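Participant: Dropping the sequence and predicted coords here.
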Amino acid sequence: MLEYDEKRDFIRMQADCKLTFRLADSDIVHEGVCVNISGSGILFETDIPVAIGKAVEVCLVPQNKITPPLTAYIETIRCAESEAGGYRIAGAIKGIKSE
């Protein structure tokens, strides 16, 4: 049995896949890389900052064909500069788009 010590409602799964996102009030699509995702949130890196409280649509397309693409609506809860020079964006998942 797997042991899980983190005090969260959902397990964070490490991810290293490309994603695209757009702010709710814009048609401009930006690119980023998903760092991790859980049942309630996502962490990704990108080259632009996103203001806290902003509504964002994110689209993940995993590299393997087994895992289907995911489109989610999130609210930005944290934006911090990363060591690599971009930004780490944390978001609370507010909804999942059904295909």
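Facilitator: Nice, thanks for sending it over.
Participant: The residue nearest the centre of the chain is in what secondary structure piece?
Facilitator: Taking C-alpha atoms, centre = their mean, the centroid of the chain lies closest to residue 42, which sits 3.6 Å from it. Here residue 42 sits within strand 41-46, counting by DSSP states H and E.
Participant: Pairing partners for that strand, with directions?
Facilitator: With DSSP bridges as the test, strand 41-46 is paired with strand 30-37 (antiparallel), strand 87-96 (antiparallel).
Participant: Any chance of JSON lines for those, columns distance to residue 80, mean pLDDT and mean neighbour count?
Facilitator: C-beta: built from backbone N, CA, C; applies to glycine. Shown next, in JSON lines, are the strands paired with strand 41-46 (distance: least, C-beta to C-beta, whole Å; pLDDT from 0 to 100; neighbours: other C-beta atoms under 10 Å):
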{"stretch": "strand 30-37", "distance to residue 80": "12", "mean pLDDT": "93", "mean neighbour count": "18"}
{"stretch": "strand 87-96", "distance to residue 80": "5", "mean pLDDT": "95", "mean neighbour count": "17"}
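Participant: Surely the residue nearest to the centre of the chain touches residue 93?
Facilitator: Yes. Counting by C-beta atoms under 8 Å, residue 42 does reach residue 93; the two are 6.4 Å apart.
Participant: what is in contact with those two at once?
Facilitator: Overlap of the contact sets of residue 42 and residue 93 (by C-beta atoms under 8 Å, 6 or more residues apart in numbering) consists of 72, 74.
Participant: Can you point out the buried residues in the lowest-mean-pLDDT helix or strand in the chain?
Facilitator: Lowest mean confidence among the helices and strands of the chain (mean pLDDT, DSSP states H and E): strand 13-23, at a mean of 85. The neighbour-count check on strand 13-23 (16 or more other C-beta atoms under 10 Å) flags 15, 17, 19, 21, 23 as buried.
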